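K.L.:
generate coordinates for the sequence data below:
(one chain, ligands or ions: 2)
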Amino acid sequence: MLKIDLHIHTIASGHAQSTILEYIERAKKLKMKTIGIADHGPGDFEALVSEIYFKTLERIPRKVGNIRVLKGIEANIIDAQGNIDISEKLVERLDYVMANFHAETSYKNKGIKENTKATINAIRSGKIDIITHPFATERFPIDIGKISDEACKNNVLLEINLSYFFGNKIKDSTVPNAKLMIDIARKHSKKIIIGSDAHNIWELGDDSAFMKKFKKMLGLTNNLIINNYPRELFKLLKINE
Ligand SMILES: [Zn+2]
Ligand SMILES: [Zn+2]
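P.N.:
Ligands and ions are numbered 1, 2, ... in the order given. This next block holds a predicted model:
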C-alpha cells in the first residue's frame, strides 16, 4: 500500500466515481498518511469543473484527522510551447501540479518530435512538479529517454502510473519505457513517484498487484520511490509540514 498517493480523481473529473470525503475515509481505513486530490484540468472535455473549482480546494482543511489532504491537479499540455490549461495564479495556489497530454483535449498527437518538444518546454516552464504516465507513449509518442533526462535535470518527478500496467492499457512498450525511465532517474540519483490514478476508492493507494508482478522486472527498489520519503517529497513540492 502506498503511504502517499497524489494521483486521485474525484467525480469532478467527469469520469470518476468517488468523492473527496469517500477518499479520505478510505485512506483512514488503509492507514495511509497523505492523499492528493488531482482532478483533470479544465481543458479536458470530460471535466465537470472550471478553474474556480481548483481555487476553492484550499478551503478544505489541510488535515482531516490524521490524513493530510493535498490539493493538486492533473493539468493538460495544450501546445508545442508546453503551456498547460490553467493560469499561473492557480499554479501558485495549488500544492502541486501534475501534467501530460490527454486524448480528450484540444492537443492532438503531433508526432514524436513535436510531442517531445512540447513536453520538454512544459518541464522547463517551472510550473510542473510531476509528469504523469510519461512511459505510456501509445497515443502521444515521445522520446522517453530525452524526457526522463530533462525531468531529472529540472527536479520534476517522473511518475509510475499504476493504472497503465493492467488490462488493455498495458502495451508492448510499457515495460521497456518504464524501465528506461527508472534507469535514467537512478543515473541522476533521483527518485520516481508512484501514483494510483484512482478513479474510485477501491483503487486508492493499491500497489500490491504492481509490486508483485512488475517491481523486479523494472529494477525498481524502495530507495528509488519518493512515496517512501514524505519529507523529501514535501520539500520538493515546497509544502510546509
Ligand atoms: Zn492522465
Ligand atoms: Zn489521472
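K.L.:
quick one, helices of the protein?
P.N.:
Secondary structure of the chain (DSSP state H): helices located at 20-29, 51-56, 88-93, 111-124, 144-153, 174-187, 208-214, 230-236.
K.L.:
residues from the protein in reach of ligand 2?
P.N.:
Taking Cβ under 5 Å from the ion as the contact definition, the chain meets ligand 2 at E74, D197. (Glycine included, C-beta is placed from N, CA and C.)
K.L.:
low pLDDT regions in the chain?
P.N.:
Scanning the chain for pLDDT under 70 picks out nothing.
K.L.:
for ligand 2, what is the nearest residue in it?
P.N.:
Nearest residue of the chain to ligand 2: D197, at 4.3 Å (Cβ to the ion).
K.L.:
next, count neighbours for that residue.
P.N.:
For D197, the neighbour count with other Cβ atoms under 10 Å is 20.
K.L.:
mean neighbour count for the helices of the chain - can I get that in a markdown table?
P.N.:
Shown next, in a markdown table, are the helices of the chain (neighbours: other Cβ atoms under 10 Å):
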| stretch | mean neighbour count |
| --- | --- |
| helix 20-29 | 18 |
| helix 51-56 | 16 |
| helix 88-93 | 14 |
| helix 111-124 | 19 |
| helix 144-153 | 20 |
| helix 174-187 | 19 |
| helix 208-214 | 14 |
| helix 230-236 | 15 |
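K.L.:
quick one: closest of these to E138.
P.N.:
Set against E138 and scored by Cβ to Cβ, the helices of the chain come closest in helix 174-187, at 8.6 Å.
K.L.:
export the helices of the chain to JSON lines and tack on distance to E138?
P.N.:
Below are the helices of the chain laid out as JSON lines (distance: least, Cβ to Cβ, whole Å):
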{"stretch": "helix 20-29", "distance to E138": "28"}
{"stretch": "helix 51-56", "distance to E138": "28"}
{"stretch": "helix 88-93", "distance to E138": "28"}
{"stretch": "helix 111-124", "distance to E138": "12"}
{"stretch": "helix 144-153", "distance to E138": "12"}
{"stretch": "helix 174-187", "distance to E138": "9"}
{"stretch": "helix 208-214", "distance to E138": "17"}
{"stretch": "helix 230-236", "distance to E138": "28"}
